[in-house]
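> From the sequence below, what's the structure:
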Amino acid sequence: MTSRFTKSVAAAVTAASLLLCAGAAAAADELTIRDELMKTTGLRADSVRPSPIPGIWELIIQDRIFYVDDKVEYVISGTIIDTKTKTNQTAKRAREWARENWSRWPRQDAVKQVIGNGEREVIVFSDANCTYCRSMERVFERVGNLTVYTFITPMIRGEQNNREIVCSKNPSKAWVDWMRKGITPPEAPADCDASVMQRNLSLAGRYNITGAPTFFFPSGERMTGAVSADQFEEILRDVQ
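Next up, the predicted model:
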């Protein structure tokens, strides 16, 4: 009896040791991938983990997903499709990552509007010279119960109007006055620090934004273009 008990304990300890070793090996592999990536490309990954494909690792670099082999000899840019579930695993992971990082948006560089009680949130990249962006301002008012963070980004006709707004004493008010009421913002002082627009342009490049308005939602979803108030309300119900 004692012998059986001793053997059982020994087996359990051995199994636990193997699990610990396996965990340590997985951690070491992740560190190896990070180190090799830095050596071969000079890039630092924000996230490293095994992909759904054995021997292939998933990397997230500046919010974009890439894949590498376990020797970091090849970097793969593309999409993984699960043939059994017919799901886009890359897009699914991108949404998951966006949800996890929702609170990390540099909101200090956005103009903030609170409509109603502002319970729902949306981030939008917009341009003061964009007709579709202007139409969405009226949509925001109609749907209500919304907090909008607008990253003013000169994508259409340069800095004109955008610069005047970000250089005004109250950029949020100047934005609303111009976009909803057509009130021209006052001329910007010559010494105005309008560097926020370049930061927003860099952020737009990071997220591969090529059109305005482009929206981001807490669910990790994104959308480009203007829609009606009814359509936007339906989108908000689905993505909050």
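> C-alpha from now on. contacts and neighbour counts both.
Will do.
> Near Cys167, how many residues? Count them for me, please.
23 (other Cα atoms under 10 Å).
> pLDDT (mean, whole number) over the strand or helix carrying Ala98?
Assigned by DSSP states H and E, Ala98 belongs to helix 89-100. Here helix 89-100 scores 95 as its mean pLDDT.
> Confirm Cys133 sits in a helix?
Yes - per DSSP: H, G, I helix; E, B strand; the rest coil, Cys133 lies within a helix segment.
> Find the residue at the geometric middle of the protein.
Ala98 (4.3 Å; Cα atoms, centre = their mean).
> Now do that residue against Ile80, distance only.
18 Å (Cα to Cα, to the nearest Å).
> Pretty sure Gly220 is one of the things the residue nearest to the centre of the chain touches, is it not?
Yes - with contact defined as Cα atoms under 8 Å, Ala98 counts as touching Gly220 (4.7 Å).
> before we move on, the earlier item: tell me which residues are up against the helix holding Ala98.
Here helix 89-100 makes contact (Cα atoms under 8 Å, 6 or more residues apart in numbering) with 63-65, 79-82, 218-221.
> In strands, which of these appear?
In strands, judged by DSSP state E, the following of the contacts of helix 89-100 are found: 64-65, 81-82.
> Dump the residues you listed to JSON lines, plus pLDDT, distance to Gln160 and neighbour count.
Converted to JSON lines, the ones in strands among the contacts of helix 89-100 look like this (pLDDT from 0 to 100; distance: Cα to Cα, whole Å; neighbours: other Cα atoms under 10 Å):
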{"residue": "Arg64", "pLDDT": "94", "distance to Gln160": "31", "neighbour count": "16"}
{"residue": "Ile65", "pLDDT": "97", "distance to Gln160": "35", "neighbour count": "21"}
{"residue": "Ile81", "pLDDT": "96", "distance to Gln160": "44", "neighbour count": "14"}
{"residue": "Asp82", "pLDDT": "96", "distance to Gln160": "47", "neighbour count": "13"}
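> Closest one to Asp193 out of those, please.
Arg64 (30.1 Å; Cα to Cα).
> about what we covered before: need the ones in strands among the contacts of helix 89-100 in CSV with distance to Thr184, can you?
Below are the ones in strands among the contacts of helix 89-100 laid out as CSV (distance: Cα to Cα, whole Å):
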residue, distance to Thr184
Arg64, 38
Ile65, 42
Ile81, 49
Asp82, 52
